[in-house]
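got a sequence here, can you model it:
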Amino acid sequence: MNEHSRVSLEDRSRALFDDSVDSLDMRMRSRLTQARHAALEAAAMRESRPWLFRAFIWTPAAGVTAAAVLGVALWFGSPLGHHMVTANDNQPNLEDLEIVASSDDGNSDAMDMLQDDIDFYDWAEKAANPGPAA
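Next up, the predicted model:
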């Protein structure tokens with residue numbers, strides 16, 4: 001774009017802008033002026049706060065802190081300290097069998113199911129404890 005066309009574009013733009021401003025009624029001009037002053041005042045208030053109270057400084061620090069807490073929690077286990085309880089290898093864990101075998105309604109369907117699949121349960125116990133048989 002050459003110099004002459006740039007100057008004519010600026011002049012034409014300025015003339016159109018001035019015409020649009022002149023065509024506004026006084027009420028709209030007053031509202032625009034009030035909005036401009038409110039925006040300038042809000043910007044001045046933001047700039048007058050000390051740098052310690054600005055949110056953009058603390059946001060990254062909060063994110064890094066949250067990531068560090070999560071990393072420590074995952075590294076050392078759950079934050080509540082619940083750890084899986086393991087049964088002694090020499091003692092069979094019969095608690096699950098007692099839960100399945102107990103029946104509130106008095107029928108023996110649970111025990112019949114256990115008797116039907118006793119080979120499967122024997123295989124599952126041997127697979128879970130690959131040590132030598134006692």
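
quick one: contacts for residue 6?
Contacts for residue 6 were tallied using C-beta atoms under 8 Å, 6 or more residues apart in numbering; there are none. Just so you know, the C-beta spots here come from the backbone N, C-alpha and C atoms, and that holds for glycine as well.

so where does it fall, helix or strand?
helix 3-22 (DSSP states H and E).

looking at that helix now, give me its mean pLDDT.
Averaging pLDDT along helix 3-22 yields 87.

with only the CA atoms kept, save it in CSV.
The C-alpha trace of helix 3-22 is given here as CSV (Å, rounded to 0.1, in the frame of the first residue of the first chain):
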residue,chain,number,x,y,z
GLU,A,3,1.6,6.5,1.1
HIS,A,4,-1.2,8.3,-0.7
SER,A,5,-3.7,5.5,-0.4
ARG,A,6,-2.9,5.0,3.3
VAL,A,7,-3.4,8.7,4.1
SER,A,8,-6.7,8.8,2.2
LEU,A,9,-7.9,5.6,4.0
GLU,A,10,-7.1,7.2,7.4
ASP,A,11,-8.9,10.4,6.4
ARG,A,12,-11.9,8.6,5.2
SER,A,13,-12.0,6.3,8.3
ARG,A,14,-11.6,9.3,10.7
ALA,A,15,-14.5,11.2,8.9
LEU,A,16,-16.8,8.1,9.1
PHE,A,17,-15.9,7.7,12.8
ASP,A,18,-16.6,11.4,13.6
ASP,A,19,-19.9,11.2,11.7
SER,A,20,-21.0,8.2,13.8
VAL,A,21,-20.0,9.9,17.0
ASP,A,22,-21.8,13.1,16.1
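
list of residues touching the following helix or strand past it?
For helix 3-22, the succeeding helix or strand toward the C-terminus, using DSSP H and E, is helix 26-48. By C-beta under 8 Å, 6+ apart, the residues outside helix 26-48 that reach it are residue 24.

sweet, I'm off.
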